[in-house]
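> sequence first, then the predicted structure, then my questions.
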Amino acid sequence: MSPKQQTLNAPITFQGKGLHTGLHVTMTVNPAEAGHGIKFRRIDLEAQPTIEALADFVVDTSRGTTIEKRGVRVSTIEHVMAALWGCGVDNALIDIDAPETPIMDGSAREYVEAIARTGLKEQDEERKYYSVSEKTLFEAPERGVELAVYPDDEFSINVNIDFNSKIIGNQYARLDRIGDFAEQIAPCRTFVFLHELEPLIKNNLIKGGDLDNAIVIVENKIPDEELARLSELFNKKDVQVDEGYLNNIQLRFPNEPSRHKLLDMVGDLALIGMRIHGRVVAYRPGHAANTELAKIIRRNIKRDAAKPRFHFEPDSTPVYDIKQIKGMLPHRPPFLLVDKVMHLDSENVVGIKNVTMNEPFFVGHFPNEPVMPGVLIIEAMAQCGGILALSSVPDPENYSTYFLKIDGVKFRDKVVPGDTLQFELKLAEPIRRGIVTMEAKAYVGNRFTTEATLMAQIARNKD
C-alpha cells in the first residue's frame, strides 16, 4: 500500500436499495483533498449536512453501523467503509440522497470492483498510521465477546465466530495483508438465520432485503408449506433448503459467514479515522463491539499524541552540546534557548531546554508567579527547528533561518522554573526553495505544553 494518502481518480455512482429502509438510494463517492478523511453528505436535506465517518458519531449498531451528527443520520455504512479502507482510499466525500447506503449484493464486491476500474490518485501528504504499543482490549463477557489488538509492524485481523449453529459451526477467517481484501474478503455477503427473518420483518426492518443480497441459514427442517410461504414472501420460485442454506445463492467461500464478519470489522475499524499497525484477534465480533474497540483506539491515539515520541536518559550523550549549537545558530545568551540536541535526522529534531529560576525573563514574568512566556517557548522551538533546517546545507554557519509564519499555536500548560522542556519538531513537507514548514511540540515529561506549525526561510548571511 502506498505510503502516501490516496483518493479516487474520479467520482463513482452506485444505485440500489437500502437494506432496512427499502428506499432507492443514489450514492456517489467523490475524490477529496488530502487530509479530508471520509465523510458522508446528505444531499437530500437542506444545507446538505456532512457527517465525518468516525467512531465518535456512532449511535446505533443493532443491524448495521449508523452514524449521526446534529440529528442527521447515515446507516449501514460498514460495507462501503470496508471497501474504501480495503482498497487504500483515505479521502472521499460520499454524496447520498437517503438515510442509508445501498446494500448491493450484501457484500463489498461491487464497491471494490468499481474502485478498481476507476483507479486511485496518490496525493502529496504522507499517510498517517497509529502503531498500537500495548494490548488493547474490549470485552463483553455476558455475550462471550472478546476483541484484542496487539502491537505489530503491520495490520492483520483474525476472526472467530460461534453462533451455536450446527450448520456454520465454529468458523475462522483471517486477513494477513490488507492487499488481499478485495479478493479474499470483499465478495463475502451478509448472512441471517431463517428464524430471525420474521422478527425483522415484523419490526419494519429489512424492507430492502431479499434472497439476492443475503445468505439465509436454516437450522431445522421446515415443511413444504413454509417453503411455499417464503417463496411468496420473497417473490422467488422453488425455494428449497440445500445443506442448511436456502438455495437462493451458492456460497463463495466455505467460511463465507466468518469472512463477512471480518469484512464488517474492517469497515467498523475504518471509523478510527487512521490506519493502524496492530494484530486484531476477535472472538464473536459484531458492530457494537467493533465500534467500541474503535472508540478505545481513538482515545488511545489522542492520549499518545500528548506524549513525546522520543525518550532519553538524563546521561544520554547529545547529538549537539551547547558549544556545537553555538557553532550552528547565531543566537547567544540570554536569547539562546536550546541547551542540547538529543536527536536529529532528515525529518526530525529533538532539543532540550532546562528552565531555571535564573532566566532573566522571570524578573518581570511574573515576580510572584514565575511562568515562561509563551512567545519564548515558540522561539525556543523555532531555534530547535533552525538546527533541523540548517542541517540540510553544507555550511550552516553561513546561513540563518527567519520566521515567515506561525499557525495553530496552542498553549496547553504552563512552564515554570525547574521544568525541563523537550522540543520535538518534524518536517510537515519537504524543504523546497529554502522554505521549511515544521510541526512543533513541547513537553515537560509526559505533559504536553505547547504546539504550533512553524514556517521559516533559510537565507544566506550577508558578508
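Structure received.
> show the backbone phi and psi for the residue nearest the centre of the chain.
Compute the mean C-alpha point of the chain, and by Cα atoms, centre = their mean the closest residue is Met274, 1.7 Å away. Dihedral angles phi and psi of Met274 (degrees, to the nearest 10) take the values phi -150, psi 140.
> which residues touch it?
Met274 makes contact with 128-130, 301 under the criterion Cβ atoms under 8 Å, 6 or more residues apart in numbering. Placement of C-beta: from N, CA and C, glycine included.
> just name the closest of those to Ala382, please.
Within the contacts of Met274, distances to Ala382 taken as Cβ to Cβ reach their minimum at Lys128, with 24.1 Å.
> separation between the closest residue to that closest one other than its chain neighbours and Val444?
Leaving aside its sequence neighbours, Lys128 sits nearest to Met274 (Cβ to Cβ, 6 or more residues apart in numbering; 5.5 Å). Separation of Met274 from Val444 (Cβ to Cβ, to the nearest Å): 26 Å.
> which residues touch stretch 376-384?
Residues outside stretch 376-384 that contact it (Cβ under 8 Å, 6+ apart): 329, 331, 335-338, 341, 349-351, 353, 361, 401, 403, 406, 409, 411, 415, 421, 423, 425, 440, 442, 449-450, 452, 454, 456.
> filter these to the buried ones?
Using 16 or more other Cβ atoms under 10 Å as the burial test, those include 329, 331, 336-338, 341, 349-351, 353, 401, 406, 415, 421, 423, 425, 440, 442, 449-450, 452, 454, 456 as buried.
> so, low pLDDT: which residues of this protein?
Judged by pLDDT under 70, the chain has its weakly predicted residues at 1, 198-211, 233-236, 247-248.
> domains for it, by residue range?
4-188+256-304, 191-251, 322-460 (automatic domain parsing).
> any chance of the ones you listed in TSV, with distance to Ser316 too?
Compiled in TSV, the domains of the chain are given as follows (distance: least, Cβ to Cβ, whole Å):
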stretch	distance to Ser316
domain 4-188+256-304	21
domain 191-251	56
domain 322-460	6
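> of all those, which lies closest to Phe312?
domain 322-460 (5.0 Å).
> so where do the helices sit in the chain?
Secondary structure of the chain (DSSP state H): helices located at 78-87, 109-118, 181-184, 194-202, 224-233, 256-269, 287-305, 322-328, 374-390.
> return the set of buried residues in the last one.
To tie it back to what came earlier, the one meant is helix 374-390. So, applying 16+ other Cβ under 10 Å, buried residues of helix 374-390: 374, 376-390.
> for the residue nearest to Lys353 when sequence neighbours are not counted, what are its contacts?
In space, and not counting its chain neighbours, Lys353 is closest to Leu421: 4.2 Å by Cβ to Cβ, 6+ apart. Residues near Leu421 by Cβ under 8 Å, 6+ apart: 352-355, 377, 380, 415, 442-444, 449.
> Ile217: which of those residues is nearest?
Among the contacts of Leu421, Tyr443 lies closest to Ile217 (Cβ to Cβ), at 53.9 Å.
> roughly how far does the closest one sit from Asp413?
Spatial separation of Tyr443 from Asp413 under the definition Cβ to Cβ is 9 Å.
> circling back to that earlier point, the residue nearest to Lys353 and Met381: what is the separation?
Using Cβ to Cβ, which is the criterion applied here, Leu421 is 9 Å from Met381.
> do I have it right that Phe181 meets Arg174?
No: between Phe181 and Arg174 there is no contact under Cβ atoms under 8 Å: 11.8 Å.
> between these two, who's got more neighbours?
Set Phe181 next to Arg174 and count neighbours by other Cβ atoms under 10 Å: Phe181 wins out with 22 against 18.
> count the residues that sit near the closest residue in space to that one that isn't next to it in sequence.
Excluding the flanking residues, the one nearest Phe181 by Cβ to Cβ, 6+ apart is Gly86, at 3.3 Å. Using other Cβ under 10 Å, Gly86 is surrounded by 25 other residues.
> which residues touch Gly86?
With Cβ under 8 Å, 6+ apart as the criterion, the residues that contact Gly86 are 108, 112, 178, 181-182, 185-186, 266.
> by neighbour count, which of these wins?
Ala108 leads the contacts of Gly86 on contacts (other Cβ under 10 Å) with 32 neighbours.
> phi, psi of that residue?
Dihedral pair for Ala108: phi -110, psi 10, per degrees, to the nearest 10.
> which residues sit in contact with it?
Applying Cβ under 8 Å, 6+ apart, one finds that Ala108 lies in contact with 79-80, 82-83, 86, 185-187, 263, 267.
> same check on Ile67?
Shown here is Ile67, whose contacts under the criterion Cβ under 8 Å, 6+ apart are 40, 51, 53-54, 57-59, 73-74, 77, 271.
> again, but for Val218
Shown in contact with Val218 (Cβ under 8 Å, 6+ apart): 167, 193-194, 241, 244-246.
> now do 10 Å
Residues in contact with Val218 (Cβ atoms under 10 Å, 6 or more residues apart in numbering) are 167, 193-195, 227, 230, 240-247.
> what is the burial count for Pro334?
10.
> and it, what does it touch?
Residues 358-361 are the ones in contact with Pro334 under the rule Cβ under 10 Å, 6+ apart.
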